[in-house]
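K.L.:
Here you go, sequence then predicted model.
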Amino acid sequence: VTQSPVCRVFSPAQHDQTLLEERHLRYISPLGKGNFGCVELCRYDPLGDNTGELVAVKKLQPNKQSTLEDFQKEVNTLSVLYCDYIVKYRGVCYSMGRLSMSLVMEYLPHGSLIGYLENNRHNVNTRRMLLFASQICKGMEYLQTLRYVHRDLAARNILVASESLVKIADFGLTKVIPCNKEYYRVTQPGESPIFWYAPESISESRFSHKSDVWSFGVVLHELFSYCDVNCNPKRVRKFTRFVNMFEQHFSLNEWRLPAPPNCPPKVYSLMKQCWAYSFDERPCFSSLGDQIETIMQDERE
Ligand SMILES: Cc1cnc(Nc2cc(F)c(C3CCN(C)CC3)c(F)c2)nc1Nc1ccc(F)c(N2CCCS2(=O)=O)c1
């Protein structure tokens, strides 16, 4: 293992490959489908007495977008991450018959932040949102220490473990920034969630920790608007409404998405810092974390 100040390189042997046996994986119910494949709720029950752990199993559906190689990269990424604010890796399961593989992760009972905020609007107050924001920020700060760029930070990819804990999930688009550069240039276009993308990511396919900061600003906006259908860009039904939201958000001048209703001014100013057009003017995650902690103190008084 070579230790260097900016990046730690794991030799391949260090990639955890906890092999789980398919015969102990008891299917329970579907959790969701994406263009990668599907995620199912299972119980990993080697003793066969239902005392095993509930797990979320992401099954690969090799299609035009996702290949076994991409999936293997996602497994390699998740298997080296150890952080309270990142969904935990449990292992991989190969079903040789069908030449497919599954990524087994801890099961978080409350699902994604979007559904949770829609269903628990009444009992998620500003303090709770700030707590979630600070946890996402800490998870991103940890990712940055390993030079990972998430590239798909959005409320749909934040999972709710409990009413006071959220975790970052879905590392399908995550890339490592090479040690001698400060950004990652993507070659394959893929399906881009452009509303969460920083301008340089759209115009030059340039991804960095600062483009993740832009996306974090969009997650803050989703959080403080309870992922409300009307102001959540991905869920805006009328395309024209989306276009002018998009233009507002990406306009070169200072115009940005309006503050969500009842959003504290200090939180809105955080969002606008994250949406600085030039990436080197955006704050880093540690500064964002400090500012959120300060706002949380004020909220307590
Ligand atoms: C790793 C992981 C751990 N725990 C959980 N818990 C979980 C618990 C739940 F009650 C639900 C729902 C809640 C709503 N009712 C109607 C159906 C079940 C749920 F969706 C998830 N889910 C995980 N992953 C996952 C699952 C499903 C996904 F669509 C996505 N994705 C999100 C966009 C990229 S994605 O496709 O990867 C990730």
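P.N.:
Everything's here; your move. Note that the structure is predicted; figures quoted are calculated from it, not measured. Numbers count the residues shown, from 1 in each chain.

K.L.:
In the stretch 101-250 of the chain, what residue lies closest to the ligand?
P.N.:
Proximity of the stretch 101-250 of the chain to the ligand (C-beta to the nearest ligand atom) peaks at residue 111, 3.0 Å away. From N, CA and C alone the C-beta is placed, and that goes for glycine too.

K.L.:
count of residues packed around that residue?
P.N.:
13 (other C-beta atoms under 10 Å).

K.L.:
Show me where the stretch 51-200 of the chain dips below the pLDDT cut-off.
P.N.:
Counting by pLDDT under 70, the stretch 51-200 of the chain contains low-confidence ranges at 62-66, 96-98, 188-192.

K.L.:
Which residues of it lie near the ligand?
P.N.:
Residues of the stretch 51-200 of the chain that fall close to the ligand, judged by C-beta under 6 Å from any ligand atom: 56, 87, 105, 107-109, 111-112, 115, 156-157, 159, 169-170.

K.L.:
Just those: which are in helices?
P.N.:
Among those, DSSP state H puts residue 115 in helices.

K.L.:
Show the buried residues in the residues of the stretch 51-200 of the chain next to the ligand.
P.N.:
Using 16 or more other C-beta atoms under 10 Å as the burial test, these include 56, 87, 105, 107, 108, 112, 156, 157, 159, 169, 170 as buried.

K.L.:
doesn't residue 106 make contact with the second one?
P.N.:
Yes. With contact taken as C-beta atoms under 8 Å, residue 87 and residue 106 are classed as touching, separated by 6.2 Å.

K.L.:
which non-adjacent residue is nearest the residue in the chain positioned nearest to the ligand?
P.N.:
Nearest residue of the chain to the ligand: residue 32, at 2.0 Å (C-beta to the nearest ligand atom). Using C-beta to C-beta, 6 or more residues apart in numbering and skipping the chain neighbours, the partner closest in space to residue 32 is residue 39 (4.9 Å).

K.L.:
Residue 204 now?
P.N.:
Per C-beta to C-beta, 6+ apart, closest to residue 204 is residue 185, 7.3 Å.
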